[in-house]
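Student: what follows is a predicted protein model with its sequence.
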2 protein chains.
Amino acid sequence: MPYYIGDVINDHKKLIARTPETFEKSGVTVRLNTHVAEIDTRRGHIHLTGGDLLPYDTVIVATGSTATIPSLPGMDYPGVFTLKTLRDGITIKSYLEGHTSRSALIIGAGFIAMEMSEACVRRGMDTTVIYRGELPVKQWDPEFSTMIRDEITGNGVTFVTGHSPVAVEEGGEASLRLLTDNGAFEGDVIIFALGVKPNVSLAEEAGIMLGHTGAVKVDATQKTSIDEIYSVGDCCEVFHRITKEWVYLPLGDIANRQGRVAGRTIGGMPTVFPGVVGAQSFKVFRLEVAKTGIDERAAEKAGYLPKSAIIWGSPTARSMGTADTIGVKLVADGETGRLLGAQAVGTYGVVGRINTLSACLWSELDLDTIGFMDFAYSPPFGGAWDPIQIAAQVLRKKL
Amino acid sequence: MPYYIGDVINDHKKLIARTPETFEKSGVTVRLNTHVAEIDTRRGHIHLTGGDLLPYDTVIVATGSTATIPSLPGMDYPGVFTLKTLRDGITIKSYLEGHTSRSALIIGAGFIAMEMSEACVRRGMDTTVIYRGELPVKQWDPEFSTMIRDEITGNGVTFVTGHSPVAVEEGGEASLRLLTDNGAFEGDVIIFALGVKPNVSLAEEAGIMLGHTGAVKVDATQKTSIDEIYSVGDCCEVFHRITKEWVYLPLGDIANRQGRVAGRTIGGMPTVFPGVVGAQSFKVFRLEVAKTGIDERAAEKAGYLPKSAIIWGSPTARSMGTADTIGVKLVADGETGRLLGAQAVGTYGVVGRINTLSACLWSELDLDTIGFMDFAYSPPFGGAWDPIQIAAQVLRKKL
């Protein structure tokens, strides 16, 4: 019976709902608040901090990721946070409730930063997002990241570009002051949302091979370079079906699927993780944002000849008279017409369409196929030609 | 240059927006309010009622469908309607505005009847749906049609089962009385929503072959049994990719795609209509209803060994705390695990999921593939395991 290290079940609600007792009823021993000091692969046992030894047949390394914390002076001031775990969220919330919290500085502009900016505005805080680049969430192309920026600023967030943090110090009007290479900002809390890094030290020290991304290298059954050791979740790499490369993509749904693959394989039902197409989404204020596959830059790098088209339309039939909009960008290979990627932003029906396109990417369909595909049309949910069909037809004509 | 007969552009809004002048600028002659008496396929011309002759190289028969009107006594009373065209809708609306309209009887329980019942309730009318069967919209299985029934009755519609209409006569308390085989009902308007029939008389008289469904038989380029004559839309059959049979499925999105196939083919870019998977949807009050593929009965008939599973879940992550629900039923072949059909009902995110499953059906994917597919997960739009993945995994275990 394998021991689980770390958050193999990374749906925190579930982790809380399933108490150790629930697991133990199924014959699984759970040790919370237990630190693994070392995996001794020669002797086949695990050292716990404190001295205990646990022998193993199989180990799953599911050590997850850690929020990137810049090494700046003043990072240890109360009111300076990162956000990665459920515990981080609870800590920030109770701090906000216990202290004067009129203003927030959020450093970074990925989708965690976007979501945090909305959460702070909803608490009534003056909210500033400070970013070294120009446009937020760089996984999306400028046509769409401009809309995302406008959505947060239209909801009262100040979006400051071209500033990198240099130090944190005590504030004057607010509790804290953030010094940047380009001026200072004050806020009662400062939240660093600069992404995550795979948590690989335990694996590395055990002699497990890392991939070129710095995350644990695994095969299609989630096995590492050492036979009895598997790895799943934010600490390991994942195979990208479109680029055919191993990438680092620390997302919760991928972690869950990897866990299932490893569990089935170890349990005697060998299963192959079929890879990802890079589907992801978030919501900020009224805006639904999603993407799948690769953009033109990645497509060129992977040896395709990408062409793209954007269409702007309505996610429902125009006869419905709603004000909802949707923008759909498709990228396809110019030689074969094969779909390579899609991005969409809008106020309704965005994620369902990107998931539909993910299924198309999965099967390597081309634009003409997608343009003639059969969808469940009715006016509340789309036009007789769905925006994704219109986008496919517009792009096909450009090839 | 082909002449267009009937509503090849069956998006009425567009037809209105595109005046004859717009078409004529592109070199297309449009004759509205013009009746075709005969297609003379030997001489290669069309007879218009009134005597004009139009020579042709190619004809597209796009004569659409007609609402089923039962031959009952009293069908010619003012206030008795069917609903098929935009004009029908306008006629009903202006009648309701010009007459006492406190109550409506709707005969039939397909999705037009469901949508009309909502429209009447929203106008403040006492609304009764009268149906000879037990559960509405028989394309959906009882687990879901029960919910649809409860949705309309929960919103004030009276749903009467096991009654067939026999005659219409003048009413006492309301304007009209409907006699059924099982008692009488009164209403100020009576709307018959009993489905449609393909409008094939013009084609039939021209010697064009009909299929076993009674609609015009076409090939994959929409060509009829006569070389120069094509047919598209509600008057013709369509190829079903799952059963590999030609079926009658008069839906607006299919008509549009067929029109494009015929247009491209006639215009010198031969195009094949790839068929349908049977995707369809409607909305009634808060309930989103969609399906794709085939049910167990059709699967057995087509030679599969169907197995099915239903799951009930949340269309968003449970951590979002919303009350939205979704039910997903999947049907798969017991031997191969290949997905054959899906139905879903719920208050959010139903159609996007059915479209995703339509793309999976299109590529003949199996349950294990769908269970491990990559979707754009984030809490506002689903769990780390999407309901369709959970359904795929539950059903896979039953095979």
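Tutor: Looks like it arrived, so ask away. Numbering: from 1, shown residues only, chains lettered A, B, ... in the order given.
Student: in which helix or strand does the closest residue to residue A:125 other than its chain neighbours reside?
Tutor: What sits nearest to residue A:125 in space, not counting adjacent residues and going by Cβ to Cβ, 6 or more residues apart in numbering or on different chains, is residue A:104, at 4.8 Å. All C-beta atoms are positioned from the backbone trio N, CA, C, and that covers glycine. Element membership for residue A:104 (DSSP states H and E) is strand A:103-107.
Student: pLDDT at residue A:24, what is it?
Tutor: With respect to pLDDT, residue A:24 scores 75.
Student: cool, residue A:20 as well?
Tutor: pLDDT, residue A:20: 67.
Student: endpoints of stretch A:275-292, how far apart?
Tutor: From its first residue to its last, stretch A:275-292 covers 13 Å (Cα to Cα, to the nearest Å).
Student: buried stuff in that stretch?
Tutor: For stretch A:275-292, burial by neighbour count (16 or more other Cβ atoms under 10 Å in any protein chain shown) applies to A:275-285, A:287-292.
Student: ok, now stretch A:114-133?
Tutor: Of the residues in stretch A:114-133, A:114-121, A:125-132 count as buried by neighbour count, 16+ other Cβ under 10 Å.
Student: so which of these comes closest to chain B?
Tutor: Nearest to chain B among the buried residues of stretch A:114-133: residue A:115, at 8.8 Å, using Cβ to the nearest Cβ.
Student: for the closest one, what are its contacts?
Tutor: Residues counted as contacts of residue A:115 (Cβ atoms under 8 Å, 6 or more residues apart in numbering or on different chains) are A:282, A:283, A:284.
Student: now the phi/psi pair for it, please.
Tutor: phi -60, psi -40 (degrees, to the nearest 10).
Student: measure it to residue A:137 for me?
Tutor: From residue A:115 across to residue A:137, the span is 11 Å (Cβ to Cβ, to the nearest Å).
Student: show me the contacts for the nearest residue to residue A:374 once chain neighbours are set aside.
Tutor: Nearest-residue entry for residue A:374: residue B:276, 4.3 Å, with adjacent residues in sequence omitted and distances by Cβ to Cβ, 6+ apart. Shown in contact with residue B:276 (Cβ under 8 Å, 6+ apart): A:374, B:238, B:239, B:240, B:241, B:249, B:254.
Student: so what's the residue count around residue A:98?
Tutor: Per other Cβ atoms under 10 Å in any protein chain shown, the neighbour tally for residue A:98 reads 8.
Student: before we move on, what about residue A:201?
Tutor: By other Cβ under 10 Å, the residues close to residue A:201 number 11.
Student: how much space between it and residue A:216?
Tutor: Residue A:201 is 11 Å from residue A:216, where distance means Cβ to Cβ.
Student: kindly report the same for residue A:165.
Tutor: 30 Å.
Student: quick one, which of the two is more surrounded?
Tutor: For residue A:165 versus residue A:216, the count of surrounding residues by other Cβ under 10 Å is larger for residue A:216: 30 against 22.
Student: pLDDT weak spots in chain A?
Tutor: By pLDDT under 70, the low-scoring segments of chain A are A:1-20, A:22.
Student: chain B contacts on the stretch 201-350 of chain A?
Tutor: A:241, A:251-257, A:260-261, A:273-283, A:288, A:290-292, A:318-319, A:349 (Cβ under 8 Å from any Cβ of the partner chain).
Student: just to revisit the earlier point, what bridges to the residue nearest to residue A:125?
Tutor: Residue A:104 has these beta-bridge partners by DSSP bridges: residue A:127, residue A:189.
Student: how close does the closest residue in space to residue A:266 that isn't next to it in sequence sit to residue A:126?
Tutor: Spatial nearest neighbour of residue A:266, chain neighbours left out: residue A:58 (5.4 Å); criterion: Cβ to Cβ, 6+ apart. In this view, residue A:58 and residue A:126 are 52 Å apart by Cβ to Cβ.
Student: tell me who's in contact with the closest residue to residue A:53 other than its chain neighbours.
Tutor: Computed as Cβ to Cβ, 6+ apart, the closest residue to residue A:53 that is not its neighbour in sequence is residue A:45, at 4.9 Å. Neighbouring residues of residue A:45 by Cβ under 8 Å, 6+ apart: A:53, A:54, A:55, A:56.
Student: done for today, thanks.
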